[in-house]
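J.: the following comprises the amino acid sequence and a computationally predicted model.
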Amino acid sequence: MKNPFFSIIVPVHNVPENYLHICIGSLKNQTFKDLEIIIVDDGSGSHTAVLCDSFMQSDSRIKILHQSNRGVSVARNNGIKESTGEWILFVDADDWLEYDALKLLYSHLENNNYDILCFRAVRNRRNVSSIIDYKLNFDYTYRMSNFEDRLLLYRKAMQPPGIAKNSVSKDTFYYIWNKVYNRNFLIRNNIEFPTGIPNSEDKIFILQCLRHAEMIHSISDVLYHYRILPDSATRKFSMTIDEDRRKLLIELRDIAQLMDEELQYKGEKSYRKGTIIQDYYLFAYMIFSSIILRKYYHENFNATMKERRSQVRKVMFMEPFASAIKSISFSSIDMKDKLRLWLFRHEKYFLFVMLVKCMHTH
């Protein structure tokens, strides 16, 4: 039996039923039919698990994997192992694809030897939709043997958007669902999602892809809908966020150092050593901001103002936050972040929180 052209991997953990119906419906009803859908039930409750099984009964192209709740990275890795298609897409269970997405992707992939193909996506927040702008060149093949192409994509994946004065991306580039991946490329290079890291696992996955890729093509077609939920995990209280994010940053630091060494070795004389490390410090600085907001100054954190300040101060003097806040120059960041950096260096954390709240209400 011939293998399908596309494998679509959908991790599921207790997603609202109507969202899951929209997601799977957008995949089952693709105008391009040569596909398999791998739903990985990551320890959902019985109702969601039964719903997943019902999808398999209605369409022979759907496979279901049930696993204990081990996180989205393990779910996606198991989906990759189960996949048989030439190309892999990752779709989150509360998102959806345009109905002609696979047909358009097929037209770009059938006669080309790309490792990854990037397309555009729409951000859906309540009733407002906006196209995510990665600042990529459209209908262009980034060749990773080309120093400038490699440097640019490394920086897009490492640097947080909108902080640097001359930011290389307007929006987050390291999303995994705005790309389709050659399955043999992933298997051959042993590229998997890191386990034990609850957020930004996709950033590490994309950085590993970039380090091994030869050709990455970009198209302008808007094919994916990214739904932002009101109770998004990026805004929830987290008691373990400081430990979790430091674990991520330690792994990212190793990747950043390898990338910098590689670029220095392969690069031109004009390459400034430490460019990727500085982008990494910008990301660590952004993470420090989220730790303050999602833990120590969150309304659910039970502590006095004096205790909050003391505990944030301890985090700020840990690595890599200490190096990041010390190393970032005021001249390299925009006006909004100049103020944020000044507040951090002067340990005015409560004023930072008030500033963020004021910005969000206007």
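T.: That came through, no problem.

J.: send the alpha carbons of whichever strand in the chain runs longest over as CSV?
T.: Counting residues, the longest strand in the chain under DSSP state E turns out to be strand 215-228. Taking Å, rounded to 0.1, in the frame of the first residue of the first chain, the C-alpha atoms of strand 215-228 are listed here in CSV:
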residue,chain,number,x,y,z
MET,A,215,17.1,24.3,1.7
ILE,A,216,14.2,26.1,3.3
HIS,A,217,11.5,27.6,0.9
SER,A,218,9.1,30.3,1.8
ILE,A,219,5.7,31.0,0.2
SER,A,220,3.1,33.8,0.7
ASP,A,221,0.0,31.6,1.0
VAL,A,222,-2.0,32.0,4.2
LEU,A,223,-3.0,28.4,5.1
TYR,A,224,-3.1,28.1,8.9
HIS,A,225,-5.4,29.6,11.6
TYR,A,226,-3.8,30.0,15.1
ARG,A,227,-6.5,30.4,17.8
ILE,A,228,-5.4,32.3,20.9
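
J.: now the helix or strand just after it: how far from the chain's centre is it?
T.: Next helix or strand after strand 215-228 toward the C-terminus (DSSP states H and E): helix 241-266. Relative to its parent chain, helix 241-266 has a centroid offset of 15 Å by Cα atoms, centre = their mean, to the nearest Å.

J.: can you list the residues that contact the strand or helix carrying Ser323?
T.: Using DSSP H and E, Ser323 sits within helix 321-327. Residues external to helix 321-327 that are found in contact with it (Cβ atoms under 8 Å, 6 or more residues apart in numbering): 278, 281-282, 284-285, 287-288, 315-316, 341, 344-345. To be clear about C-beta, it is placed using only N, CA and C from the backbone, and glycine gets the same treatment.

J.: narrow the residues you listed to those that are buried.
T.: For the contacts of helix 321-327, a burial check counting by 16 or more other Cβ atoms under 10 Å picks out 278, 281-282, 284-285, 287-288, 315-316, 341, 344.

J.: now do the helices in this structure.
T.: Counting by DSSP state H, the chain has helices at residues 17-28, 46-58, 72-82, 101-109, 147-158, 183-188, 201-212, 241-266, 275-291, 305-316, 321-327, 335-345, 349-360.

J.: in a markdown table: the ones you listed, plus mean pLDDT.
T.: Shown next, in a markdown table, are the helices of the chain (pLDDT from 0 to 100):
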| stretch | mean pLDDT |
| --- | --- |
| helix 17-28 | 96 |
| helix 46-58 | 89 |
| helix 72-82 | 96 |
| helix 101-109 | 98 |
| helix 147-158 | 94 |
| helix 183-188 | 98 |
| helix 201-212 | 96 |
| helix 241-266 | 91 |
| helix 275-291 | 94 |
| helix 305-316 | 96 |
| helix 321-327 | 94 |
| helix 335-345 | 92 |
| helix 349-360 | 87 |
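
J.: mind giving me CSV with the ones you listed and columns for distance to Ile132?
T.: Putting the helices of the chain into CSV (distance: least, Cβ to Cβ, whole Å) gives the following:
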stretch, distance to Ile132
helix 17-28, 18
helix 46-58, 28
helix 72-82, 20
helix 101-109, 15
helix 147-158, 13
helix 183-188, 23
helix 201-212, 14
helix 241-266, 22
helix 275-291, 18
helix 305-316, 31
helix 321-327, 26
helix 335-345, 20
helix 349-360, 20
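
J.: what's the burial count for the residue lying closest to Asp34 once chain neighbours are set aside?
T.: Spatial nearest neighbour of Asp34, excluding adjacent residues (Cβ to Cβ, 6 or more residues apart in numbering): Phe5 at 4.4 Å. Burial measure for Phe5: 18 neighbouring residues, criterion other Cβ atoms under 10 Å.

J.: contacting residues for Phe5?
T.: Counting by Cβ under 8 Å, 6+ apart, Phe5 has contacts 32, 34-35, 85-87, 102, 106.

J.: tell me which two of those sit farthest apart.
T.: Phe32 and Glu86 (12.8 Å; Cβ to Cβ).

J.: quick check: neighbours shared by the two?
T.: By Cβ under 8 Å, 6+ apart, the residues touching both Phe32 and Glu86 are 5-6.
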